[in-house]
Every structure is written in structure tokens, then in C-alpha cells.
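A.B. asks: below is the sequence, then the predicted model.
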Amino acid sequence: MRKAIFLAGLALLLSLPASAQNLSTIDIFGGYSYTNTHSSNGDSSSYNGFSGDATVYPSKWFGIAADAGRSTASSFKDDLGSRNPASSSLTRYLFGPRFRLGGIRFVPFIEVLGGGVNR
């Protein structure tokens, strides 16, 4: 009886790495973003915000990615270096294909995203 339980437990433990080799069908990412802008007249702003990314894989190596984020700034610095209070926001949205390259533990990818930014 002990031998059967031991063999069943061993088989279960050895099957765990095999299940980890399956690639996910959805990837989700969320994080902090920082953007520093400089205009042609010498003004600069620092934006803080968030960014999110989701990719759905209809096949093993091809996915459709969507990336969006929003950042805000509460002031800008003019060309003389003085800080001026003014609120501003940036909203960005990007979409495109993502291609996974081979790998089991580490899966690199290439993506081509296009979209826009609203200010």
C-alpha cells in the first residue's frame, strides 16, 4: 500500500513540469508609467500614470495585443526654468499583432503596435 501511494505521488510530482510547458492563451500586464516631454519652445512636463496590456492568442504563436494607458501632469517647466501650475493628461492606445518565438521557460516575443495619443 505504501509503495502504491509513493508511486502515485511521484507520478503526480513528475507531471507538474509537463503542465507548466503549455503556453497561455491570454497575457495580462499592468504597471506604472513615467513620461517626460519636451516641446520645441523649451517647455517640459513630467507625466505619471498607469499602463495596461492584454494579449489574446487564437493560435499557439500568434496573438492580438491591445495596450492602453493614461498619465497626468500638474505643472510644466518653461524655457526659463520656472514651474507653472497647469494640469494636462495623455491617453494612449495601441493595437497590433504579437508573435511568440520558441521557448518553454522563457518565451520572447515580437510585436508591432500602432495607435495614437490624445492630449
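C.D. replies: Structure received.
A.B. asks: when you work out contacts or count neighbours from here on, use the C-alpha atoms and nothing else.
C.D. replies: Fine.
A.B. asks: the strands in this protein, which residues?
C.D. replies: 26-38, 44-56, 62-77, 83-100, 109-111, 114-118 (DSSP state E).
A.B. asks: low pLDDT regions in the protein?
C.D. replies: Counting by pLDDT under 70, the ranges of the chain that qualify are 1-21.
A.B. asks: switch the cut-off to 90
C.D. replies: Where the chain drops to pLDDT under 90, the residues are 1-24, 33-47, 60, 74-90, 102-107, 119.
A.B. asks: from what I see, residue 87 and residue 73 are in contact.
C.D. replies: Yes - using C-alpha atoms under 8 Å, residue 87 makes contact with residue 73 at a distance of 5.6 Å.
A.B. asks: neighbour count for those two, which is higher?
C.D. replies: The neighbour comparison of residue 87 against residue 73 (other C-alpha atoms under 10 Å) goes to residue 73, with 18 against 11.
A.B. asks: please report phi then psi for the nearest residue to residue 43 once chain neighbours are set aside.
C.D. replies: Spatial nearest neighbour of residue 43, chain neighbours left out: residue 78 (4.3 Å); criterion: C-alpha to C-alpha, 6 or more residues apart in numbering. Residue 78 adopts backbone torsions of phi -80, psi -180, taken as degrees, to the nearest 10.
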